[in-house]
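> when you get a sec, could you give me coordinates for this:
(one chain, ligands or ions: 1)
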Amino acid sequence: MITISQLTVQFGGVKAINNLDVRLKASVCGLIGPNGAGKTTLLNTLSGFIRSHSGTIALNGQWLHPLTPAERVRRGIRRSFQTEQVVEDLSVNDNILAILDHLPVSAKEAKAEVARAVAYVGLTAVAHQLGSSLNLYQRRMVELAKALVGQPRLLLLDEPGAGMNEAEALQLRQLILGIPQFCQAQVLLIDHDVALISATCEETLVLDFGRCIALGLTREVLNKPCVRKAYLGEDA
Ligand SMILES: Nc1ncnc2c1ncn2[C@@H]1O[C@H](COP(=O)(O)OP(=O)(O)OP(=O)(O)O)[C@@H](O)[C@H]1O
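Residues are numbered from 1 along each chain as shown. Below you'll find the model as predicted:
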């Protein structure tokens with residue numbers, strides 16, 4: 001569970017997150033909002049890339065603010081980025097293995113964990129191929145597999161389906177839905193694809209100008225007039 005209390009993150013005069021007070025309990029939570037709403041800033045604050053101005057965040061009851069980004073990784077926080085970060089001259093296996101370099105995992109365990117994650121995302125057949133040979137979907141799958149190793153507790157996924165076709169997006173849906181069972185981690189998912197959010201997220205948080213404008217069951221949240229107006233661009 002993520003508990004965010006009175007969180008403010010500021011860039012100069014812009015409050016990217018403005019006194020946010022929410023609790024995210026569902027195993028797969030959506031995070032949506034118009035461009036510039038503060039979604040990526042919230043993910044960056046959770047992963048420790050950005051320091052908050054004030055307020056606190058706790059994951060499963062443990063305060064995150066004293067921890068560096070590296071310590072947060074050791075506590076099981078994983079982050080995927082809008083732009084995939086696959087290393088071209090490393091194999092699929094080695095791209096994923098690199099995540100375990102700084103975690104207390106033996107070489108044998110690491111190999112087994114990587115193989116399990118690679119199989120989960122459907123990349124076993126290309127596990128020894130170089131990053132440079134992968135298509136966009138496979139690259140996105142490498143990113144997901146990187147987030148699945150080393151006993152993750154929270155996966156922060158920033159538009160994992162960007163650029164995917166319909167069939168690929170359907171496959172991604174199934175994978176996201178299975179994550180809590182695969183590794184007992186909570187998922188916080190940013191995506192502009194409302195169909196993906198609806199299909200995978202039991203609960204959704206909607207931000208606008210850094211504030212929570214709705215939080216609750218996804219289908220109820222998506223039907224709220226304030227959300228339809230701010231996010232879906234409809235008249236209230
Ligand atoms: N490093 C930064 N320096 C200055 N302002 C920033 C910085 N990062 C974000 N902002 C500002 O903070 C606000 C929130 O940005 P953020 O990227 O978190 O929004 P977002 O909801 O993720 O948007 P998008 O959907 O376009 O990715 C915006 O006004 C943005 O311009």
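
> hey, let's count contacts and neighbours off CA atoms from now on
Fine.

> which strands or helices does the longest helix seen in the chain pack on?
When the chain is parsed with DSSP state H, its longest helix is helix 166-183. Helix 166-183 is packed against strand 28-32, strand 186-190, helix 194-200, with contacts defined by 3 or more Cα pairs under 8 Å, 6 or more residues apart in numbering; DSSP states H and E.

> and it, what's buried?
Across helix 166-183, burial judged by 16 or more other Cα atoms under 10 Å covers 169, 172-173, 175-177, 179-180, 183.

> check stretch 26-39 too.
Of all the residues in stretch 26-39, those buried under the rule 16+ other Cα under 10 Å are 26-34, 37-39.

> quick one: is it near the ligand?
Yes. Under the criterion of Cα under 6 Å from any ligand atom, the ligand is reached by stretch 26-39 at 34-39.

> contacts for that stretch?
Applying Cα atoms under 8 Å, 6 or more residues apart in numbering, the contact partners of stretch 26-39 are 1, 16-17, 176-177, 180, 185-192, 197, 200-211, 218, 230-231.

> how about stretch 203-220?
Under Cα under 8 Å, 6+ apart, the answer for stretch 203-220 is 15-22, 24-26, 28-34, 36-39, 197-198, 201-202, 221, 224, 226-227, 230.

> if we can go back for a sec, alpha carbons of the longest helix of the chain, as CSV, please.
Coordinates of each C-alpha in helix 166-183 appear next as CSV, following Å, rounded to 0.1, in the frame of the first residue of the first chain:
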residue,chain,number,x,y,z
GLU,A,166,-3.8,-3.5,-30.5
ALA,A,167,-2.7,-7.2,-30.3
GLU,A,168,0.5,-6.2,-28.4
ALA,A,169,-1.5,-4.0,-26.0
LEU,A,170,-3.8,-7.0,-25.3
GLN,A,171,-0.8,-9.1,-24.4
LEU,A,172,0.5,-6.4,-22.1
ARG,A,173,-2.8,-6.2,-20.4
GLN,A,174,-2.6,-9.9,-19.4
LEU,A,175,0.9,-9.5,-18.2
ILE,A,176,0.1,-6.5,-16.0
LEU,A,177,-2.9,-8.3,-14.5
GLY,A,178,-0.7,-11.2,-13.6
ILE,A,179,2.1,-9.2,-11.9
PRO,A,180,0.7,-9.3,-8.4
GLN,A,181,0.5,-13.1,-8.6
PHE,A,182,3.8,-13.4,-10.3
CYS,A,183,5.9,-11.5,-7.7
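
> what segments of the chain are helices?
Going by DSSP H, the chain shows helices at 39-47, 69-74, 92-97, 107-120, 136-148, 166-183, 194-200, 218-222, 225-230.

> returning to that earlier point: got the helices and strands packed on helix 166-183 as JSON lines, with mean pLDDT and distance to Asn44 columns?
JSON lines is the format used below for the helices and strands packed on helix 166-183 (pLDDT from 0 to 100; distance: least, Cα to Cα, whole Å):
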{"stretch": "strand 28-32", "mean pLDDT": "97", "distance to Asn44": "13"}
{"stretch": "strand 186-190", "mean pLDDT": "97", "distance to Asn44": "12"}
{"stretch": "helix 194-200", "mean pLDDT": "93", "distance to Asn44": "20"}
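
> among the ones you listed, which comes closest to Asn165?
Nearest to Asn165 among the helices and strands packed on helix 166-183 is helix 194-200; the distance by Cα to Cα comes to 12.3 Å.
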